[in-house]
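Colleague: Attaching a predicted model along with its sequence, questions to come.
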Amino acid sequence: MRTTDERLDTAQALLDHQVVDEDGGLICKVDDIEIEERNGELHLTYILQGPGALGGRLGEPFGRWMSAIWLRLSKSGEPVRIPMADVVEVSSAVHVAHIEASSEVQGFERWVRQHIVGRLPGALE
């Protein structure tokens with residue numbers, strides 16, 4: 001993904017972008033990223049998704065409130081992690097090689113669509 005002549009501005013290239021599967025299906029939005037230090041260099045390791053990841057970026061008090069609710073409702077209390085090894089391309093969307101339809105990533109998105117977005121007047125079914 002990185003070349004010697006250019007650097008990836010991670011925040012601009014990934015945060016809040018749509019994640020899509022190989023068929024173009026919408027999976028989730030990038031809510032945060034996880035970076036690891038190896039030998040003095042930073043490496044992007046995971047895309048994080050869900051309220052547990054987004055809450056920290058939103059600030060007080062809404063972000064803290066969102067994270068607290070997520071901790072009570074989620075099974076693990078951890079944000080969903082998509083390994084960067086699964087990322088095939090970064091363009092206007094983040095394209096991933098494969099994610100199972102039953103995965104926790106899509107599960108949360110389906111729940112929001114069904115229980116919140118789907119109930120709004122004029123929402124598409």
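Modeller: Great, that's in hand. Quantities reported herein were computed from a predicted structural model and do not represent experimental measurements.

Colleague: doesn't residue 79 make contact with residue 48?
Modeller: Yes. The pair residue 48 / residue 79 is scored as a contact, 4.3 Å apart, by CB atoms under 8 Å. Using the backbone N, CA and C atoms, a C-beta is placed for each residue, glycine as well.

Colleague: neighbour count winner among the two?
Modeller: Set residue 48 next to residue 79 and count neighbours by other CB atoms under 10 Å: residue 79 wins out with 26 against 21.

Colleague: State the pLDDT value of residue 104.
Modeller: pLDDT recorded at residue 104 is 57.

Colleague: So, low pLDDT: which residues of the protein?
Modeller: 1-8, 11, 73-77, 100-112, 123-125 (pLDDT under 70).

Colleague: can you tell me which strand in it is longest?
Modeller: For the chain, the longest strand by residue count, based on DSSP state E, is strand 41-49.

Colleague: what comes up buried for it?
Modeller: Within strand 41-49, the residues that qualify as buried by neighbour count (16 or more other CB atoms under 10 Å) are 44, 46-49.

Colleague: got it, and stretch 63-71?
Modeller: Quick answer for stretch 63-71 (16+ other CB under 10 Å): 66-67, 70.

Colleague: same thing with stretch 16-29?
Modeller: For stretch 16-29, by 16+ other CB under 10 Å, it's 17, 19-21, 27-29.

Colleague: next one: phi and psi at residue 15?
Modeller: Per-residue torsions, residue 15: phi -60, psi 130 (degrees, to the nearest 10).

Colleague: what kind of secondary structure is residue 33 in?
Modeller: Secondary structure assignment for residue 33 (DSSP: H, G, I helix; E, B strand; the rest coil): strand.
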